[in-house]
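Enquirer: show me how the following folds:
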Amino acid sequence: MRAKAGGARKWQNRAYVIGFCLGLAILAFTVLPVGEWFHAKGPMNTGHGKLACAACHKHAPGSFRQQIQANLRHAFGRREGPAPFFGRLPVGNADCMACHERPNDRHPVYRFLEPRFSQAREKLRPHQCVSCHAEHHGRRVTLAETGYCVNCHKNTRLKKDPIDVSHADLIADKQWDSCLGCHDFHGNHIMQIEKSVGKRTPTEKIRAYFDGGPSPYGTTLHYKAKQDG
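Expert: Predicted coordinates:
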């Protein structure tokens with residue numbers, strides 16, 4: 001009888017040890033960098049595969065205890081202003097610009113804050129990087145449409161139009177899907193602008209590029225993105 005009880009206790013102790021080790025392994029997996037992929041909402045976008053979580057997700061100010069206290073005080077009306085975030089701050093333009101800010105950007109996000117772009121802001125939110133480049137989707141551009149230039153360029157006119165079909169005619173015919181066939185939105189590719197509308201890059205290749213495919217604008221860039229800011 002005593003021997004039987006000793007055997008049960010032995011197996012019980014082994015179960016405790018296995019459970020402790022298993023819990024420790026799970027904790028380490030969820031905390032250490034090697035397990036970062038487990039926390040991600042989805043696959044990293046094109047070009048971001050080697051980024052660590054901390055490259056974009058900065059720690060919120062204060063300790064976890066202080067963050068809880070501040071949020072509770074705010075919830076009960078004893079703290080003015082927005083409550084601080086728990087753990088990590090939300091990712092914003094500044095985090096993107098830390099790696100991607102360029103002096104030659106033809107469509108920098110700050111430009112869309114001008115009053116004349118109020119309707120575009122309401123529809124596309126182009127003043128925020130994530131409106132077109134939402135992370136964790138495994139793509140390069142997450143905006144589905146390719147004819148979004150219509151929101152700002154309806155009245156575009158060129159005094160000396162260099163292409164064989166004028167921009168005015170393309171606009172009149174609502175050929176908005178043709179814009180990206182010749183123009184790189186941010187203007188960071190070193191390329192010759194096509195002057196024949198018929199030779200522009202087909203929309204299918206633009207969409208493939210959005211999805212993470214090869215660049216139809218070439219691979220030579222004016223500025224390369226910094227790594228981890």
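
Enquirer: for this protein, what's the longest helix?
Expert: For the chain, the longest helix by residue count, based on DSSP state H, is helix 2-31.

Enquirer: gap between the nearest residue to R88 once chain neighbours are set aside and R116?
Expert: The spatial neighbour of R88 that comes closest, neighbours along the chain excluded (CB to CB, 6 or more residues apart in numbering), is H57 at 4.3 Å. In this view, the C-beta of every residue, glycine as well, is placed from N, C-alpha and C. Applying CB to CB, to the nearest Å, one obtains 34 Å for the distance of H57 from R116.

Enquirer: so between these two, which is more surrounded?
Expert: For the pair H57 and R116, the greater number of neighbours falls to H57 (17 against 9), based on other CB atoms under 10 Å.

Enquirer: so that one makes contact with G92?
Expert: No - the criterion here is CB atoms under 8 Å, and H57 misses it with G92 at 11.1 Å.

Enquirer: so which helix or strand of this structure has the lowest pLDDT on average?
Expert: Every helix and strand in the chain was compared by mean pLDDT, DSSP states H and E; the lowest is helix 36-39, with a mean of 68.

Enquirer: next SSE downstream of that one?
Expert: Using DSSP states H and E, the next helix or strand after helix 36-39 towards the C-terminus is helix 64-75.

Enquirer: same question for that next one: list its buried residues.
Expert: The neighbour-count criterion (16 or more other CB atoms under 10 Å) identifies 67, 70-71 as the buried residues of helix 64-75.

Enquirer: JSON lines for these, including pLDDT and distance to P214?
Expert: Formatted as JSON lines, the entries for the buried residues of helix 64-75 read as follows, by pLDDT from 0 to 100; distance: CB to CB, whole Å:
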{"residue": "Q67", "pLDDT": "81", "distance to P214": "44"}
{"residue": "A70", "pLDDT": "84", "distance to P214": "48"}
{"residue": "N71", "pLDDT": "82", "distance to P214": "46"}
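
Enquirer: now the host helix or strand of Q119: average pLDDT?
Expert: With elements taken from DSSP H and E, the one containing Q119 is helix 118-124. What helix 118-124 shows for mean pLDDT is 95.

Enquirer: per-residue pLDDT, the closest residue to V197 other than its chain neighbours?
Expert: Distance criterion CB to CB, 6+ apart; nearest residue to V197, sequence neighbours excluded, is V165 at 4.3 Å. At V165, the pLDDT value in this model is 95.

Enquirer: likewise the one 10 residues further on?
Expert: On the pLDDT scale, Q175 is placed at 96.

Enquirer: check R14 too.
Expert: Reading off the confidence values, R14 has pLDDT 87.

Enquirer: ok, it to F20 distance?
Expert: In this structure, R14 lies at 11 Å from F20, with CB to CB as the measure.

Enquirer: try A75
Expert: Applying CB to CB, the value for A75 to F20 is 37 Å.

Enquirer: mean confidence for stretch 48-55?
Expert: In this model, stretch 48-55 has an average pLDDT of 89.

Enquirer: what's the end-to-end length of that stretch?
Expert: For stretch 48-55, the separation between the terminal residues is 10 Å (CA to CA, to the nearest Å).

Enquirer: OK, contacts around R102?
Expert: Applying CB atoms under 8 Å, 6 or more residues apart in numbering, one finds that R102 lies in contact with 186, 188, 222-223.

Enquirer: apply 10 Å and report the result again.
Expert: The contact partners of R102, by CB atoms under 10 Å, 6 or more residues apart in numbering, come to 108, 186-188, 221-225.

Enquirer: so it, which of the three states?
Expert: With DSSP: H, G, I helix; E, B strand; the rest coil as the basis, R102 sits in coil.
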